[in-house]
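Colleague: sequence plus the predicted model coming up.
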Amino acid sequence: MSEGSAPRRTVIHNATVLTADAADRVLIDASVVIEGSVIVAIVDGGRPEPQPGEVVIDAGAGIVMPGLVDVHSHLPMTLFRGLADDRDLQAFLGRLLPLEAATLTPAVVAAGGRLAMAEMLGAGVTTALDMYWYPEVTAEVAAAAGLRLATGPLFIGGEAPDHERFADRVAAYSASGPHDWTMVHGTYTMSVGELEEAAGLAAAAGSRLHLHAAENQAEVDQVLAVTGRRPVELLDHLGLLGPTTVLAHAVVLTDDEVARLGATATAVAHCPLSNMKLASGICRVVDLLAAGATVGLGTDGPSSSNDLDLFAAMRVAGLLAKVASLDPSALTAHQVFKMATIEGARTLGLEAVTGSIEVGKEADLIRLDPSSPSLTPAFDPVSAVVYAASRADVVDVWVAGERVVADRRHTTLDLEAVLSEVRMVTRTFG
Ligand SMILES: [Zn+2]
């Protein structure tokens, strides 16, 4: 905004607004008013009095909804897309970890991060939780692109792709803080002592914790053999479950572990596309929700489920829950929609900031193409989003009130430059 002027004001009118609020309201012929970074008014039926200088967007009776929240990814792994397909988690890591060790630098991570930002913003993802090397680089790239990114230092045992040793990470942690998030790779890639040390640093700093856990049976068997406990049992034993912990995957769970995750209100990042592609299994989403866990949707890194498409993840999450239980009413479209929006925000502790269209919240929202054939008719617009929409239907994206995608064009990224940089960086990877 220019000096002395009112904050920039945008009015989106003639919209079908999917609020994802507590009442899950869908508003017809509604308007959303944004001033600065914040939603300041929602008009249910009609539009507010025009004001001089405001930007007016006619949604054409199409869908306006909260930006999507991706609660588990490794964003710069866009660079390794398609290099480790059709194999399980252990074989995938066997291929990727040496490749990362041979190629990763801050500049390479920045190139992959920018590609991820371009892909996500264009696909309606406005917030993401990222676990990767050189997190400060990805955070910078996200800030420039206008994506709301949650990330933090990553701990793993042994020699890591960034060639830092565990002790160096411990030493650097406090000096580079404070950190909202601490990433602890998982119970199968670090010793119990390392796990306790990293988690202890996070707890002392009041940082949220993000780990992989119980992704497939081989991982569970390995952790059980080494520690005498299954991954979720071990995390519970160490006091690491709770509402500020996000477990990626949590696929292989006993009834007792489901109950523990529910009782501690632990958050789970459900990544159905990755779980299917790696043949890891099916997360017990319905049981977890019934037990009291928070569940958000993630894509995982774009080389284990090769893109960052949360529209695809929504549809597959719904279908997978149904076929797993042979119950078509399992995990409804409305439940899935909330997992990708407000429940995703809750997974990250950002439910007061983003994830729904409500007055006072940050203006993180997206507009879909009103002339998309697959969204016509839309008797239940939430069903249309989950079962019929695709990311190609996204035309406008706002993050914190900034229109980062306008009529399908990036305003914060030079897409051609991003792509040519990635082509250059990856030319020797295959
Ligand atoms: Zn992952």
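Modeller: That came through, no problem.
Colleague: contacts and neighbour counts: CA atoms only from here.
Modeller: OK.
Colleague: now do the buried residues in stretch 97-108.
Modeller: Of the residues in stretch 97-108, those buried under the neighbour-count criterion (16 or more other C-alpha atoms under 10 Å) are Leu99, Glu100, Leu104, Thr105, Val108.
Colleague: which among those gets closest to Arg284?
Modeller: Glu100 (31.6 Å; C-alpha to C-alpha).
Colleague: distance of that closest one from Leu288?
Modeller: Distance check for Glu100 against Leu288: by C-alpha to C-alpha, to the nearest Å, it reads 34 Å.
Colleague: list the contacts for Ala214?
Modeller: Under the criterion of C-alpha atoms under 8 Å, 6 or more residues apart in numbering, the contact partners of Ala214 comprise Val220, Arg230, Pro231, Val232, His249, Ala250, Val251, Val252, Leu253.
Colleague: rerun that using 10 Å as the cut-off
Modeller: Listed by C-alpha atoms under 10 Å, 6 or more residues apart in numbering, the contact partners of Ala214 are 186-188, 220-221, 223, 230-232, 247-253, 280, 283.
Colleague: helices along the stretch 1-150 of the chain, start to end?
Modeller: Defined through DSSP state H, counting those that start in this stretch, the helices belonging to the stretch 1-150 of the chain, from first to last, are 89-103, 106-122, 135-145.
Colleague: which other helices and strands contact the longest one?
Modeller: Using 3 or more C-alpha pairs under 10 Å, 6 or more residues apart in numbering; DSSP states H and E as the contact test, the elements touching helix 106-122 are strand 68-73, strand 125-130, helix 135-145, strand 394-399, strand 402-406, strand 409-410, helix 415-425.
Colleague: quick check: beta-bridge partners of the nearest residue to Met65 once chain neighbours are set aside?
Modeller: Beyond its immediate neighbours in the sequence, the residue positioned closest to Met65 (C-alpha to C-alpha, 6 or more residues apart in numbering) is Leu18, lying 4.9 Å away. In this structure, Leu18 has the following beta-bridge partners (DSSP bridges): Val26.
Colleague: look up how far Val399 lies from Leu18.
Modeller: The separation that Leu18 has from Val399, given C-alpha to C-alpha, amounts to 17 Å.
Colleague: hey, which of the helices and strands packed on helix 106-122 is tucked in deepest?
Modeller: Per residue and on average, the most neighbours among the helices and strands packed on helix 106-122 fall to strand 68-73, with a mean of 30 (mean count of other C-alpha atoms under 10 Å).
Colleague: who does that strand pair up with?
Modeller: Sheet partners by DSSP bridges: for strand 68-73, these are strand 125-130 (parallel).
Colleague: quick one: average confidence on the partner strand?
Modeller: Strand 125-130 shows a mean pLDDT of 98.
Colleague: for stretch 307-327, same thing?
Modeller: Predicted confidence along stretch 307-327 averages 98 (mean pLDDT).
Colleague: neighbours around the residue nearest to Pro370 when sequence neighbours are not counted, how many?
Modeller: Closest residue to Pro370 in three dimensions, ignoring its sequence neighbours and counting by C-alpha to C-alpha, 6+ apart: Gly62, at 4.1 Å. For Gly62, the count of nearby residues is 24 (other C-alpha atoms under 10 Å).
Colleague: what's the answer for Ala279, then?
Modeller: By other C-alpha under 10 Å, the residues close to Ala279 number 15.
Colleague: any stretches of the stretch 51-200 of the chain with poor pLDDT?
Modeller: By pLDDT under 70, the stretch 51-200 of the chain has no low-scoring segment.
Colleague: quick revisit: my guess is the residue nearest to Pro370 contacts Asp29. True?
Modeller: Yes: the pair Gly62 and Asp29 qualifies as a contact (C-alpha atoms under 10 Å) at a distance of 9.1 Å.
Colleague: need the overlap of contacts for the two.
Modeller: Once C-alpha under 10 Å, 6+ apart is applied, the residues that Gly62 and Asp29 both contact turn out to be His13, Asn14, Ala15, Thr16, Val17.
Colleague: report the contact partners of the third one.
Modeller: So that's Ala15. With contacts taken as C-alpha under 10 Å, 6+ apart, Ala15 has the following neighbours: 27-32, 44-47, 57-65, 367-368, 370.
Colleague: rerun that using 7 Å as the cut-off
Modeller: Each residue near Ala15 by C-alpha atoms under 7 Å, 6 or more residues apart in numbering is listed here: Ile28, Asp29, Ala30, Ser31, Ala59, Gly60, Ala61, Gly62, Ile63, Val64.
Colleague: what's across from the third one in the sheet?
Modeller: It refers to Ala30. Applying DSSP bridges to Ala30 yields these beta-bridge partners: Ala15.
Colleague: can you pull the contacts of Ile34?
Modeller: Contacts were defined as C-alpha under 7 Å, 6+ apart; by that measure Ile34 touches Arg9, Thr10, Val11, Val40, Ala363, Gly401.
Colleague: which one of these has the most neighbours?
Modeller: Using other C-alpha under 10 Å as the neighbour test, the contacts of Ile34 are led by Ala363, with 31 neighbours.
Colleague: I figured that one was touching Gly36, is that so?
Modeller: No: with contacts counted by C-alpha atoms under 7 Å, Ala363 stays clear of Gly36, the gap being 8.6 Å.
Colleague: shared neighbours of these two, anything?
Modeller: Among the neighbours of Ala363, those also in contact with Gly36 (C-alpha under 7 Å, 6+ apart) are Gly401.
Colleague: mind checking what secondary structure Val232 has?
Modeller: Per DSSP: H, G, I helix; E, B strand; the rest coil, the local secondary structure of Val232 is helix.
Colleague: how close does the nearest residue to it once chain neighbours are set aside get to Thr189?
Modeller: The spatially closest residue to Val232, leaving aside those adjacent along the chain, is Glu257, at 6.3 Å (C-alpha to C-alpha, 6+ apart). Spatial separation of Glu257 from Thr189 under the definition C-alpha to C-alpha is 20 Å.
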